[in-house]
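> Next come a sequence and a model predicted from it.
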Amino acid sequence: MQPNTSKIKQYFFITCLAILFYAGSGFAQQIKGVPGNHLQLPTKAFNISFRWLGDTVHSKWEPYTAILLPVKLRNCPKTFYLQFDLGHPSTILYKNKMKAIAARYPKAVKLGDSASLHHFAFRLGNANLVATEISVQQFDTTGINWSNQHSMEIIGTAGADLIDGNAVAIDYPARKIRIAPSFTEKITQGISFSKFIYARRSVLFPAQVNGKQTMLYFDTGSSMYELLTDKKTAEQMAVPGAPVQSSQVRSWDKFITARTIEVNATISLAGQSIPIHAATYMEGMSSAQMEGMVKMGIGGMTGNKLFLQYRLLLDTRNSKFALIPSVKNVHPRRIASAKQK
């Protein structure tokens, strides 16, 4: 039995909302710096073929609720998965899953009473990685379904430390991610890059939402949302007479209501104009929190769903990005494998 990824994601989702909504009130200045990056990546480019995880949302099947990255552990034959979530600054492991793996394959995981593992080696895609320190956190009590060799067991979250200081190509149509120290000159020639804000391992894209200039927080863990914004903006873009669909999102000790409505709008960024069909706003946040977000020029959050027909190039070292329609066939394998300078 695999973990309820919707519940796991809600924890990170609300954390992101808190950062966004309190940004104008000075709360963000009180947030401590992100943890150190303890991931040791290869010095050359490596590839990851990912899988989509689907789930039922608003009584309908949503095939793009999460990106899963295949991971292998030493001395364990089974393939596990990490959820790719740039909304979380650091890669973490789920304690309940680690306990189950350690019980069956003690040489794969040496799990004690500590809240972290040290010098943890694993294989991600076609590369060997080492985490000199990685947090182990408890989210639920589910174990590993060993009887089903095809079960997709999610044992942790791959956070923004995976792309920190690197050049990353997310090829959504081909379901591939390529990570390298830098882009080649070949890929930069003829492609127009735009600047974005990269701070505390968070990605903020400059964008126009229905012609209005703003900033959008990018979170690969929020796959199901084309646009998460404030109520006023969502209602302004709404299709006349469109029904509002509601769902509950847990925020610590209370529930917040997510309202999703059909819209007829576009988001323009990196020289591309992308139509969107739904916008979501949250009820339960105070008006002061929403005003703080607006004052900071943050118009909302977007996830993978917006880019399903694109290749997204992110250079976190130089804070620039490009968005390439799939028909142009610019493949992420053109990323350099040169060492970091």
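Cool, got the structure.
> Kindly report the domain assignment for the chain.
Split into domains by automatic domain parsing, the chain comes to 5-170, 180-334.
> from the middle of its chain, how far away would the shortest one be?
It refers to domain 180-334. Average the C-alpha atoms of domain 180-334, do the same for its chain, and the two points are 11 Å apart (Cα atoms, centre = their mean, to the nearest Å).
> per-residue confidence averaged over that domain?
For domain 180-334, the per-residue pLDDT values average out at 85.
> hang on, the earlier thing: need the domains of the chain in a markdown table with mean neighbour count, can you?
Every C-beta, even on glycine, is put in place using the N, C-alpha and C of the backbone. Converted to a markdown table, those look like this (neighbours: other Cβ atoms under 10 Å):
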| stretch | mean neighbour count |
| --- | --- |
| domain 5-170 | 18 |
| domain 180-334 | 18 |
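> Please confirm that residue 235 is located within a helix.
Yes: the assignment for residue 235 is a helix, going by DSSP: H, G, I helix; E, B strand; the rest coil.
> Show the contacting residues for residue 177.
47, 48, 50, 69, 84, 125, 168, 169, 170, 171, 332 (Cβ atoms under 8 Å, 6 or more residues apart in numbering).
> Export stretch 238-255 to PDB, keeping only CA atoms.
Output for stretch 238-255, consisting of C-alpha atoms alone and laid out as PDB, is shown next (Å, rounded to 0.1, in the frame of the first residue of the first chain):
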ATOM      1  CA  ALA A 238     -14.400  32.700 -15.100                       C
ATOM      2  CA  VAL A 239     -16.600  31.500 -17.900                       C
ATOM      3  CA  PRO A 240     -20.100  33.100 -17.300                       C
ATOM      4  CA  GLY A 241     -22.300  30.600 -15.400                       C
ATOM      5  CA  ALA A 242     -19.500  28.100 -14.800                       C
ATOM      6  CA  PRO A 243     -20.100  26.000 -11.700                       C
ATOM      7  CA  VAL A 244     -17.500  26.200  -8.800                       C
ATOM      8  CA  GLN A 245     -16.100  22.800  -7.700                       C
ATOM      9  CA  SER A 246     -15.000  22.500  -4.100                       C
ATOM     10  CA  SER A 247     -12.500  20.300  -2.200                       C
ATOM     11  CA  GLN A 248     -11.000  20.300   1.300                       C
ATOM     12  CA  VAL A 249      -7.300  20.900   1.900                       C
ATOM     13  CA  ARG A 250      -6.000  20.300   5.400                       C
ATOM     14  CA  SER A 251      -3.900  23.100   6.900                       C
ATOM     15  CA  TRP A 252      -2.400  22.000  10.200                       C
ATOM     16  CA  ASP A 253      -5.400  21.800  12.600                       C
ATOM     17  CA  LYS A 254      -8.000  23.100  10.200                       C
ATOM     18  CA  PHE A 255      -9.400  22.700   6.700                       C
END
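> what about residue 324, helix or strand, and which?
Element membership of residue 324, judged by DSSP states H and E, is strand 320-325.
> ok, and what's touching that strand?
Residues from elsewhere that reach strand 320-325, judged by Cβ under 8 Å, 6+ apart: 191-196, 205, 269-272, 307, 309-315, 330.
> ok, now with 7 Å
Strand 320-325 is contacted by residues 191-196, 269-270, 272, 309-315, 330 when judged by Cβ atoms under 7 Å, 6 or more residues apart in numbering.
> got it, and stretch 35-54?
The contact list for stretch 35-54 (Cβ under 7 Å, 6+ apart) reads 5, 61-69, 84, 89-91, 124-127, 129-134, 152, 161-162, 164, 175-181, 335-337, 339.
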